[in-house]
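>>> let me see the structure of the following:
(2 chains)
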Protein chains: 2
Amino acid sequence: MESVHKTHHCGELRKEHVGQEVVLNGWVHKQRDFGGLIFLDLRDRSGLVQVVCNPETSPAAVEIAQKARSEYVLAVRGKVISRSPETVNPKLETGEIEVQAEEIEILNPAKTPPFVIQDQVDVDEPVRLKYRYLDLRRPVMQQTLILRHRAMQVVRRFLDERGFIEVETPMLTKSTPEGARDYLVPSRVHPGEFYALPQSPQLFKQLLMVAGMERYFQIARCFRDEDLRADRQPEFTQIDIEASFLPQEAFLEMMEEMVATLFRETIGVEVERPFPRITYREAMEKYGSDKPDLRFGMELVDLSEIVRNSGFKVFSSTVAAGGRVKAINVKGCAGWSRKEIDSWGEKAQQLGAKGLAWLAVKEEGRKGPVAKFLSEEEWERVREATEAETGDLLLFVADRPEVVAQVLGELRLKLGKHLNLIDPNVYRFAWITEFPLLEYDEETKRYYAMHHPFTMPVEEDIPLLKTDPGRVRAQAYDMVLNGYEIGGGSQRIHRREVQEAMFEALGLSMEEAREKFGFLLEAFEYGAPPHGGIAFGFDRLVMLLAGRSNLRDCIAFPKTASASCLMTEAPSPVDERQLDELHIAVREAVTQKAEE
Amino acid sequence: MESVHKTHHCGELRKEHVGQEVVLNGWVHKQRDFGGLIFLDLRDRSGLVQVVCNPETSPAAVEIAQKARSEYVLAVRGKVISRSPETVNPKLETGEIEVQAEEIEILNPAKTPPFVIQDQVDVDEPVRLKYRYLDLRRPVMQQTLILRHRAMQVVRRFLDERGFIEVETPMLTKSTPEGARDYLVPSRVHPGEFYALPQSPQLFKQLLMVAGMERYFQIARCFRDEDLRADRQPEFTQIDIEASFLPQEAFLEMMEEMVATLFRETIGVEVERPFPRITYREAMEKYGSDKPDLRFGMELVDLSEIVRNSGFKVFSSTVAAGGRVKAINVKGCAGWSRKEIDSWGEKAQQLGAKGLAWLAVKEEGRKGPVAKFLSEEEWERVREATEAETGDLLLFVADRPEVVAQVLGELRLKLGKHLNLIDPNVYRFAWITEFPLLEYDEETKRYYAMHHPFTMPVEEDIPLLKTDPGRVRAQAYDMVLNGYEIGGGSQRIHRREVQEAMFEALGLSMEEAREKFGFLLEAFEYGAPPHGGIAFGFDRLVMLLAGRSNLRDCIAFPKTASASCLMTEAPSPVDERQLDELHIAVREAVTQKAEE
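Okay, the predicted model is just below:
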């Protein structure tokens, strides 16, 4: 029967198929003997169906079904029949019918798997990663990969319809002096020389704009050899986009539409548009973060002016020293115990605050250390600013501005989760705009490009490049969703005089810049069009679409936090002969250590 | 005007746009002053349009147009007007109209490029590769990249509609002991260990079948560190496909349909179907090649039996020694000069033949060295077999079978080209089937898998694995087109006993096999479905679709035959610090040599 083409998927059979003869292929999900009748749950990518083998009508099928264990691969020929009302299984999409087996063939037997194939697994992730081919049999994993595929298709079609051309850029390319650590690839043909795997197709997409491609995209693999946090992978996928002759506003609108289409066509969610535009400055002020979760309020309120001359010295002296005092209003939590409040104070300290001041607005009056130090007038202004009502709890941090933002921003998120203020079924997008162009590094006493040195400044800020570089805003934008940055990009510098001013602000002469960015700068001299673009982190986007919290669950064959593949055991030692051919050697300290 | 969104592409303007105001963005293709009127040919991805600047109606535009040199980037606002009949340019798609400039802005000036941007370039390829961003401005290059994009979209849509899921497999994976040379990537986290870049996603796609994905595809980047021939690249793209539960016949039909859809929807060519199935044996017999060009005849004819006892000793002794005598009939070429025939004889010798015998069928009788040695009866049978008529020239090679195939196969191709028998606008597809499963290597005295050790034998040949492995045919297939192999694949072994017999034929114990193929063999024990697949060489497919002969013209940023990128200068030396972090060193011999 192996040569008989299957006629249906297991999961698609319904009442309307009753009476049809079908051929199914799939895996035994469960087998049970019920007084001589053998029941098989047969599973394929589409779902489950119950197969019943009756010794009276098809003894041969029963004989084979008796041998079938979990995860055996079967071909089943049989007839779709209705289940009697009392045996209908409403939890199963195919639960109104079953397939009465006429013929069964074991296409392949199976060893007992190390864990049961079902959505709720109680097994450590390393085991799942080692047996990834079994882990991926779990319906939820298959559905995530199918969703990922669907998302790629939707994005590609959307961009294709708008004249974007997918161009594959090289994986074996040149090591770049700035940015994250490169993965290197030794060259056999050129002794002592190395390729680098791309951290992003940035250079190539800009060159494609110089080449007149006008609209480019790529769902591109990128590589960063960083110390991996839980939500990073050494190789990751980004939706990489670049366009010429498209003003920033039109470009951002198109990207909104793309993401809205993606959410509509994959998970049926209608996204609210237009996305709010929040400047970087405003985001940091209100949410202490440049990727705010907008699904709930609890915004940071600046009280610095109100408490500048306060009798509460912690506040006034902080403001006097150039610091800030901000609060969040934890609605309805005035009744928290001292212990509970203290536990949040500890979190604040772990996050870098010196302490967490608080004030509870109770029926019986204001309580807490801050209460007694505020004058009535100060309190009145604080109350107004924080919109505090009876029953609310105010939490204050007084510190350097970046500490205040960091601590209250994080506390806001933790409190939002703790208090169940966050609806997981809501998607709140925003654009964060007007990022600073440059960051000052205290250690090296110089400015660095916050995105990259080809990011276009806001037009009116260009003169500031010479006078006050730290204040220059960039034509850069991030798309954020529910507290995640899902995409980021910028308009690029295409005019030579702006590029020169940029390099000057970075402390680079044109000669040094040429050495560093050689061919790209040269390319720009042959007629570069105005252009800009964006890159979306595709793995994370899929994670959010799938409603999952682990990035690894959204990648077919992910790596661990130490960049290993537990299934293939990559990386691994290689033959000395291979290294010889590549003109490299493992450093002695390493080989010695291995021999010890 | 930079902020004004362009309204049209240059190349799309036609008579029906006359009277409209348009904004165009593009590159100056040519500028000429015609008695005070300035004409600009403006170019973008879509084509060219003529812009005319009239000093009487828009003196400001003229002033800027005068400054515009080739490859300047402009924004032009103006009105579409009809050209007068005598100035219509029928060679230009926009030749019936022109744009009367009202306003022009130079978005970016340009240096004079090192070569003129036009389809017919008279410039060495290294210069084109160094300035790839200018080379890609040539319309023919842009059209090829757009065609490539279109081809990807068509393939993806086709496969998506048939339930194939695109899954991204890892780029950082494990070095494999067999196959071509790997590109290696040193690990920073695991000293002395290396990743390998994938030569193909073969292992992963089979694991996805074990994982129950049922139908997988990927347009995947692959890597082989081989000595590069003119038509190879160190990184290349393949359309990688695998399916479970799909019998070979149904799978091949689906792949035919995919390719036919691809040709229809990209270049409008209706491909003849079904593709002929030619066994490997037949292809070698008739065409001396497993990738025959079927656009013309001139098949190889086996005369061994006819001349076995011939008086022509060269023939009869070859047959006696187990060799073969074959001929091709070069129709209508009996009149060739002795010199001309000799020049083909030289080619035959260069290809490995000891000599090339010939016989010309002239009006006045048979001429040439073979003529006089053949008896009348032998000639009559040769004539019949070769279908020789008056005016034809027969060319004979007598040698070992593989030499005969190689030499006459190549001569056939060269003669086909030389005699203009090949219509470049015709597409002749075929499937080559029943490849040998194993190849015997005289040097190591053992069999090797011709494809890979998971290729399924033809069912009826399985017993031969133990008795006569060289005769076992594989369930393997190549798709060929016009003399190129464009795709190849096989059904895979999913049953353990067949896999064991295969390893035995390869001289591997199950233990050795497990060491070599570890996790894949283990995966197969947990319920592997019957499955098979194929991979198409996408770069070559695009080359054939685009009607080009250079693979590099079909890749945005290709590498040279020494695996260099002339634009980025990759590969290149890297910082010692980077190597330190990776626990590797460049071998001393190399560094010393570099210092000398």
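>>> what sits against the residue in the stretch 401-550 of chain A that chain B sits nearest to?
Chain B sits closest to A:Gly527 of the stretch 401-550 of chain A, with a gap of 3.4 Å, by Cβ to the nearest Cβ. C-beta: built from backbone N, CA, C; applies to glycine. Going by Cβ atoms under 8 Å, 6 or more residues apart in numbering or on different chains, A:Gly527 touches A:Val210, B:Trp27, B:Glu71, B:Tyr72, B:Val73, B:Asn108, B:Pro109, B:Ala110.
>>> relative to chain A, how far out is the fourth one?
Yep, that's B:Tyr72 we're talking about. 6 Å (Cβ to the nearest Cβ, to the nearest Å).
>>> show the pLDDT at that residue.
Model confidence at B:Tyr72, given as pLDDT, is 97.
>>> that one: neighbour count?
Using other Cβ atoms under 10 Å in any protein chain shown, B:Tyr72 has 22 other residues around it.
>>> now swap in the third one and tell me
When neighbours are counted by other Cβ under 10 Å, B:Glu71 registers 22.
>>> check which helices and strands the longest strand along chain A sits against.
Longest strand in chain A by number of residues (criterion: DSSP state E): strand A:21-34. Packing partners of strand A:21-34 (3 or more Cβ pairs under 8 Å, 6 or more residues apart in numbering or on different chains; DSSP states H and E): strand A:37-44, strand A:47-53, strand A:73-82, strand A:97-108.
>>> could these go into TSV alongside distance to chain B and mean neighbour count?
Formatted as TSV, the helices and strands packed on strand A:21-34 follow (distance: least, Cβ to the nearest Cβ, whole Å; neighbours: other Cβ atoms under 10 Å in any protein chain shown):
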stretch	distance to chain B	mean neighbour count
strand A:37-44	7	22
strand A:47-53	12	24
strand A:73-82	5	21
strand A:97-108	6	21
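>>> CA atoms only: put stretch A:367-382 into CSV for me.
Taking C-alpha atoms only, stretch A:367-382 is exported to CSV below (Å, rounded to 0.1, in the frame of the first residue of the first chain):
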residue,chain,number,x,y,z
LYS,A,367,1.0,57.4,54.9
GLY,A,368,4.6,56.5,54.2
PRO,A,369,8.0,58.2,54.5
VAL,A,370,7.3,60.8,51.8
ALA,A,371,4.0,61.9,53.3
LYS,A,372,5.2,63.9,56.2
PHE,A,373,7.9,65.8,54.3
LEU,A,374,5.6,67.2,51.6
SER,A,375,4.0,70.5,52.3
GLU,A,376,0.2,70.7,51.6
GLU,A,377,0.9,72.8,48.5
GLU,A,378,3.6,70.3,47.2
TRP,A,379,1.2,67.4,47.8
GLU,A,380,-1.6,69.2,46.0
ARG,A,381,0.7,69.6,43.0
VAL,A,382,2.0,66.0,43.3
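>>> contacts for it, please.
With Cβ under 8 Å, 6+ apart, stretch A:367-382 has contacts from A:303, A:306-307, A:310-312, A:315, A:327, A:334, A:341, A:357-360, A:365-366, A:388, A:394, A:396.
>>> redo that, cut-off 7 Å
A:Leu303, A:Ile306, A:Val307, A:Ser310, A:Gly311, A:Phe312, A:Ala357, A:Trp358, A:Leu359, A:Ala360, A:Phe396 (Cβ atoms under 7 Å, 6 or more residues apart in numbering or on different chains).
>>> how about stretch A:414-422?
So stretch A:414-422 is contacted by A:Asp293, A:Arg295, A:Phe296, A:Met298, A:Val330, A:Lys347 (Cβ under 7 Å, 6+ apart).
>>> at 6 Å what do you get?
A:Arg295, A:Phe296, A:Val330 (Cβ atoms under 6 Å, 6 or more residues apart in numbering or on different chains).
>>> before we move on, what about stretch A:129-141?
A:113-114, A:117, A:119, A:128, A:557, A:566-567, B:207, B:210-212, B:523, B:526.
>>> return a ChimeraX selection command for the buried portion of those residues.
This is how ChimeraX selects the buried members of these, with burial counted by 16 or more other Cβ atoms under 10 Å in any protein chain shown:
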select /A:113,117,128,557,566,567 /B:207,210,211,212,523,526
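>>> of the contacts of stretch A:129-141, closest to A:Ala535?
A:Phe557 (22.4 Å; Cβ to Cβ).
>>> does that closest one belong to a helix, a strand or coil?
coil (DSSP: H, G, I helix; E, B strand; the rest coil).
>>> so it versus chain B, what's the distance?
The gap separating A:Phe557 from chain B is 5 Å, by Cβ to the nearest Cβ.
>>> so that residue makes contact with B:Leu172?
No - here A:Phe557 does not reach B:Leu172: they are 10.1 Å apart, not a contact under Cβ atoms under 6 Å.
>>> about what we covered before: name the helix or strand for the residue of the stretch 401-550 of chain A closest to chain B, please.
Here A:Gly527 sits in a region with no helix or strand, counting by DSSP states H and E.
>>> over to A:Trp431. Which of the three states is it?
Once three-state DSSP is applied, A:Trp431 turns out strand.
>>> report the contact partners of it.
Applying Cβ under 6 Å, 6+ apart to A:Trp431 gives the contacts A:Phe275, A:Arg277, A:Tyr477, A:Met479.
>>> what's the burial count for the residue lying closest to the first one once chain neighbours are set aside?
In this case it means A:Phe275. Nearest non-adjacent residue to A:Phe275, counting by Cβ to Cβ, 6 or more residues apart in numbering or on different chains: A:Phe429, 4.4 Å away. By other Cβ under 10 Å, 20 other residues sit near A:Phe429.
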